[in-house]
Structure formats: C-alpha cells, structure tokens
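Chemist: this one's structure only:
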C-alpha cells in the first residue's frame with residue numbers, strides 16, 4: 001500500500017511540475033476583433049527564446065505587472081488552454097543586442 005501511495009504522489013507531483021513553465025522572450029501585444037460582434041480581445045504573445053514556442057498572456061496580467069509591448073522578460077507561470085500562460089512571477093530583462 002505504501003508503494004502505491006508513493007507512486008501516486010510522484011505522478012501527481014510530476015504532472016504539477018509539467019504544468020509550470022519558465023519562458024524568456026520579448027512581449028508583443030496582439031489585438032484581435034470579431035467584426036460580427038464587435039468584441040475586441042487584447043493579449044500578449046511571448047516567443048520562448050530557447051524553444052521557439054509561442055505563449056499567450058492576458059493583457060490585464062501583463063499590465064498589472066507593469067510590463068508593456070517590447071519588454072524582454074522572464075516569466076514563470078502555469079500553462080492553461082490554448083498555450084495561455086498565467087503569471088506567477090515576472091522579471092524585466094535587458095534587451096539583447098543583435099550582432
């Protein structure tokens with residue numbers, strides 16, 4: 001019984017760890033509008049410098065942290081549906097100069 005409990009806890013912990021991401025990249029604001037309904041959605045995209053994977057972050061979360069489009073950041077957050085990333089921690093970084 002002890003082995004089963006340890007096994008279940010280790011799987012649960014590994015799934016929890018997989019849902020969390022640390023992503024570094026430059027924020028870009030994405031604005032989309034549904035012309036039929038007139039609804040406008042604002043969010044930010046962040047392309048991970050290491051993997052090239054794009055993530056999306058709610059604009060309100062970004063603005064609450066004092067970040068804006070063009071900022072190079074490192075974000076730790078929970079992965080959600082449709083590559084949404086929900087912020088836990090964020091840090092502004094210096095921009096990398098192109099060579």
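Modeler: Noted; the coordinates are in hand. What you see is a predicted model, and the numbers here were worked out from it, not measured in a lab.

Chemist: grab the longest strand from this protein for me.
Modeler: Ranked by residue count under DSSP state E, the longest strand found in the chain is strand 20-34.

Chemist: mind checking how far whichever helix or strand comes after that one is from the chain centre?
Modeler: Downstream of strand 20-34, the first helix or strand assigned by DSSP states H and E is strand 39-47. Taking the mean C-alpha point of strand 39-47 and that of its whole chain, the gap between them comes to 12 Å (CA atoms, centre = their mean, to the nearest Å).

Chemist: so which residues make contact with the longest strand of the chain?
Modeler: Outside of strand 20-34, the residues within contact range by CB atoms under 8 Å, 6 or more residues apart in numbering are 39-50, 53, 55-57, 59, 62, 67-79, 85, 88, 93, 95. (Glycine included, C-beta is placed from N, CA and C.)

Chemist: for residue 48, see how far away the residue positioned nearest the centre of the chain is.
Modeler: With distances taken as CA atoms, centre = their mean, the residue of the chain nearest its centroid is residue 85 (3.0 Å). Computed as CB to CB, to the nearest Å, the residue 85 to residue 48 distance reads 10 Å.

Chemist: circling back: which of the contacts of strand 20-34 fall in helices?
Modeler: Secondary structure assignment by DSSP state H places 59, 62 of the contacts of strand 20-34 in helices.

Chemist: tell me which helix or strand of the chain sits lowest on mean pLDDT?
Modeler: When the helices and strands of the chain are scored by mean pLDDT, DSSP states H and E, helix 2-18 comes last with a mean of 58.

Chemist: could you list every residue that touches residue 19?
Modeler: By CB under 8 Å, 6+ apart, the residues touching residue 19 are 78-79.

Chemist: actually, residue 76.
Modeler: Taking CB under 8 Å, 6+ apart as the contact definition, residue 76 lies against 20-22, 87-90.

Chemist: could you rerun that using 6 Å?
Modeler: For residue 76, the contacting residues are 22, 88-89, taking CB atoms under 6 Å, 6 or more residues apart in numbering as the criterion.
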